[in-house]
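>>> The following block contains a protein sequence and its predicted model.
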Protein chains: 2
Amino acid sequence: MRKANDAKSGIGAAKSGMALRAEGKGCHGHVMSILEPRTRIQRKNHDAILEAALDVFSQKGFAAATIDKIAAEAGMSKPNLLYYFPSKEAVFEKLMGSLLAVWLAPLQELDAEGGDPVEEILRYVARKLQMSAEMPRQSRLFAHEILDGAPRIGDGLSSDLKALVDEKAKVIAGWAASGRIAPVDPHHLIFSIWSLTQHYADFDIQVRAVLGPGRDPFQEAADHLETLFRRMLTP
Amino acid sequence: MRKANDAKSGIGAAKSGMALRAEGKGCHGHVMSILEPRTRIQRKNHDAILEAALDVFSQKGFAAATIDKIAAEAGMSKPNLLYYFPSKEAVFEKLMGSLLAVWLAPLQELDAEGGDPVEEILRYVARKLQMSAEMPRQSRLFAHEILDGAPRIGDGLSSDLKALVDEKAKVIAGWAASGRIAPVDPHHLIFSIWSLTQHYADFDIQVRAVLGPGRDPFQEAADHLETLFRRMLTP
DNA sequence: GCTAGCATTGACCAACTGGTCAAGAATAAG
DNA sequence: CTTATTCTTGACCAGTTGGTCAATGCTAGC
């Protein structure tokens, strides 16, 4: 089934050293599989491809996406896209890698020293919901990947992500132990926040269909989730 | 992009009348596109196909699924599968249609006369979580479809589903108005229940990766969600 | 055990997809 | 202007996929 990328770990492996030009030989193939684009035109096309890839991949997932669609969306031919990226998988992995940090930034900012812990968590919830509202494509991209069994993120989950969550779980556990928030399992609290906020991006169609026209899902969600988490966390 | 199935509404349209045998003419093609299987062997193969289809469709979604894989999983050849169903889409729609009722049954049972409203809702949450644990493939199947933009369920969302949710939202609103549960937006309460319970099935890989080995996600989730919703709903 | 219709499948086809390649167009450096 | 390098793409290829069809195996009723 799989070709030959079994223990390839996908994302994490992309940011190794290798500063110099790489493949100085002729070999017309793709210029910069790993390096950042150098010239003006390279940067433009590189960005256009990733933007188009976000659009296409986030709609129906990896399998339904075609490099033809991505290339068309980026305003270029398929061979031209493959001049910048060696394969469809490479585009996907580069995209995921470049988005992961942004996507996890709000959790990174969750800090032990931030005033009232309840407000600190509420701020995280609000930020996360705002990201669902303003970056639904990113949310759906990750949702597709996880739902597919994370075959391309792979170890990124059990290494980087787990480490970050474990770290923040300790902070939350500290708050709970000191009675500054109601007792709660920190990991599952984080799952709940992810689940509830991303639901409004990932299942947007369902939410809108059920609510009917003339309602603003994200505005209502902001109120609802603040109530929910405030009731849940206030000691 | 789409072939020619724009206003086709998918699921709802499948259960029209047409009791008789349909297509009495020779025409070797698929026996019962609409009818239930008649003979012993028809029923066996019909069921095997739908079971296999659930397996394959739920893993990577509609696009990544192939009728070859489904046929192999069902222990038959591709033409044989296409003898029972006219197309890949038909298999998918039949599957969704046959599962939708089961999937929504717990919500159907949510009743105004059921003792304490908080316990009634908690029972719904527990049942829904149990379904995620015991029927993760069904959960993922629906998740894929909604995430894809519900192109094959189509109107089912804004008609049948909306009607059911609106009905139950009224019940919940009544409970809130009479002070038997804390004030809450009924629609968003239902979204929260769906989101939190199905999260453990749809994002199972992520949950397990973050929790690490040796933990039981669904057992922990049961405790966590009971706490969450009890705190949220107790007046 | 015969036959009519049900069940099954190998072979096939057209459309599509990921990826290659050689040749030409644009561009930057001298 | 020249030219070495970078960009760009039409044409092409091999593999896959949804779906068809004619031929054959099988079963039920007689």
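Done, it's in.

>>> Any chance you could list what contacts stretch A:169-182?
A:110-112, A:116-118, A:121, A:183-184, A:186-187, A:189-190, A:232-235, B:231 (Cβ atoms under 8 Å, 6 or more residues apart in numbering or on different chains). Just so you know, the C-beta spots here come from the backbone N, C-alpha and C atoms, and that holds for glycine as well.

>>> touching DNA strand D at all, whichever helix or strand residue A:81 is part of?
Residue A:81 is part of helix A:78-84 when elements are defined by DSSP states H and E. Yes - against DNA strand D, helix A:78-84 shows contacts by Cβ under 7 Å from any atom of the strand at A:78-80, A:82-83.

>>> Would you quantify the distance from the residue in chain A positioned nearest to DNA strand D to residue A:68?
Using Cβ to the nearest atom of the strand, the single residue of chain A nearest to DNA strand D is residue A:79, 3.1 Å away. Separation of residue A:79 from residue A:68 (Cβ to Cβ, to the nearest Å): 11 Å.

>>> These two - which one has more neighbours?
For residue A:79 and residue A:68, the more surrounded residue by other Cβ atoms under 10 Å in any protein chain shown is residue A:68, and the numbers stand at 12 against 9.

>>> residues touching that one, list them.
Residue A:68 neighbours (Cβ under 8 Å, 6+ apart): residue A:78.

>>> give me the element it is part of.
Going by DSSP H and E, residue A:68 is in helix A:67-73.

>>> Name the residues of that helix that are buried.
A:67, A:69-71, A:73 (16 or more other Cβ atoms under 10 Å in any protein chain shown).

>>> Show me which positions of the helix ranked longest in chain A end up buried.
If you go by DSSP state H, chain A has its longest helix at helix A:40-64. Of all the residues in helix A:40-64, those buried under the rule 16+ other Cβ under 10 Å are A:42, A:45-46, A:48-50, A:52-62, A:64.

>>> That helix packs against which elements?
Helix A:40-64 is packed against helix A:67-73, helix A:78-84, helix A:88-109, helix A:136-147, helix B:40-64, with contacts defined by 3 or more Cβ pairs under 8 Å, 6 or more residues apart in numbering or on different chains; DSSP states H and E.

>>> Going by distance to DNA strand C, which of the residues of helix A:78-84 next to DNA strand D wins?
Closest to DNA strand C, out of all of these and judged by Cβ to the nearest atom of the strand, is residue A:79, at 3.5 Å.

>>> which residues touch that closest one?
Applying Cβ under 8 Å, 6+ apart, no residues qualify as near residue A:79.

>>> same deal with residue A:126?
A:222, A:225-226.

>>> 7 Å instead, please
Counting by Cβ atoms under 7 Å, 6 or more residues apart in numbering or on different chains, residue A:126 makes contact with residue A:222.

>>> Helix or strand for it, just tell me which one.
helix A:117-134.

>>> Compute the inter-axis angle for that helix and helix A:136-147.
100 degrees (axes from the mean of the first three to the mean of the last three Cα atoms, to 10 degrees).

>>> Show only the entries of the contacts of stretch A:169-182 found in helices.
A:117-118, A:121, A:186-187, A:189-190, A:232-233, B:231.

>>> can you list those in CSV and add distance to residue B:198 and neighbour count?
Output for those, formatted as CSV (distance: Cβ to Cβ, whole Å; neighbours: other Cβ atoms under 10 Å in any protein chain shown):
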residue, distance to residue B:198, neighbour count
A:117, 28, 20
A:118, 27, 18
A:121, 23, 24
A:186, 21, 19
A:187, 18, 23
A:189, 18, 22
A:190, 17, 20
A:232, 19, 20
A:233, 23, 25
B:231, 21, 18
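
>>> Which positions in chain A make contact with DNA strand C?
So chain A meets DNA strand C at A:28-29, A:39-41, A:65-68, A:78-79, A:82, A:86-89 (Cβ under 7 Å from any atom of the strand).

>>> please redo it, this time with the cut-off set to 6 Å
A:66-68, A:78-79, A:82, A:87-88 (Cβ under 6 Å from any atom of the strand).

>>> Leaving out the residues flanking it, which one is nearest to residue A:234?
Using Cβ to Cβ, 6 or more residues apart in numbering or on different chains and skipping the chain neighbours, the partner closest in space to residue A:234 is residue A:118 (5.9 Å).

>>> re the thing from before, out of the buried residues of helix A:40-64, who's near DNA strand D?
Answer for the buried residues of helix A:40-64 near DNA strand D (Cβ under 6 Å from any atom of the strand): A:42, A:45.

>>> Let me know the secondary structure of residue A:150.
coil (DSSP: H, G, I helix; E, B strand; the rest coil).

>>> Tell me the pLDDT of residue A:20.
Here the pLDDT value assigned to residue A:20 is 26.

>>> Hmm, I typed the wrong one, I wanted residue A:14.
Taking residue A:14 on its own, its pLDDT is 36.

>>> do the same with the one 3 residues further on
Confidence at residue A:17, expressed as pLDDT, is 27.

>>> wait, what's in contact with the residue found closest to residue A:69 once you drop the neighbours it is linked to in the chain?
Nearest residue to residue A:69, sequence neighbours excluded (Cβ to Cβ, 6+ apart): residue A:56, at 5.0 Å. Residue A:56 is in contact with A:65, A:69-70, A:73, counting by Cβ under 7 Å, 6+ apart.

>>> Low-confidence regions, chain A specifically.
A:1-37 (pLDDT under 70).

>>> how about the residues of it near chain B?
Applying Cβ under 7 Å from any Cβ of the partner chain, we find that chain A lies next to chain B at A:60-61, A:63-64, A:140, A:143-144, A:146-150, A:157-158, A:161-162, A:165, A:185, A:187-188, A:191-192, A:195-196, A:199, A:202-203, A:205-207, A:209-212, A:220-221, A:224, A:228, A:231-232.

>>> Of the residues you listed, just the buried ones, PyMOL syntax please.
Of these, the buried ones go into a single PyMOL selection, burial set by 16+ other Cβ under 10 Å:
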select buried, chain A and resi 60+61+64+140+143+144+146+147+148+150+157+158+161+162+165+185+187+188+191+192+195+196+199+202+203+205+206+207+209+210+211+220+221+224+228+231+232
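
>>> got the CA positions of stretch A:142-160 in PDB?
Output of stretch A:142-160 as PDB, limited to C-alpha atoms (Å, rounded to 0.1, in the frame of the first residue of the first chain):
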ATOM      1  CA  PHE A 142      -5.400  19.500  10.400                       C
ATOM      2  CA  ALA A 143      -8.800  17.800  10.900                       C
ATOM      3  CA  HIS A 144      -8.500  15.900   7.700                       C
ATOM      4  CA  GLU A 145      -5.000  14.800   8.500                       C
ATOM      5  CA  ILE A 146      -5.900  13.500  12.000                       C
ATOM      6  CA  LEU A 147      -9.100  11.900  10.700                       C
ATOM      7  CA  ASP A 148      -7.100  10.100   8.100                       C
ATOM      8  CA  GLY A 149      -5.000   8.600  10.900                       C
ATOM      9  CA  ALA A 150      -2.200  11.200  10.700                       C
ATOM     10  CA  PRO A 151      -0.200   9.200   8.100                       C
ATOM     11  CA  ARG A 152       1.900  12.200   7.100                       C
ATOM     12  CA  ILE A 153       2.300  14.000  10.400                       C
ATOM     13  CA  GLY A 154       3.200  10.700  12.000                       C
ATOM     14  CA  ASP A 155       5.500  11.000  15.000                       C
ATOM     15  CA  GLY A 156       5.000  14.800  15.300                       C
ATOM     16  CA  LEU A 157       1.900  14.000  17.400                       C
ATOM     17  CA  SER A 158       3.600  11.700  20.000                       C
ATOM     18  CA  SER A 159       6.700  13.800  20.200                       C
ATOM     19  CA  ASP A 160       6.400  17.500  19.700                       C
END
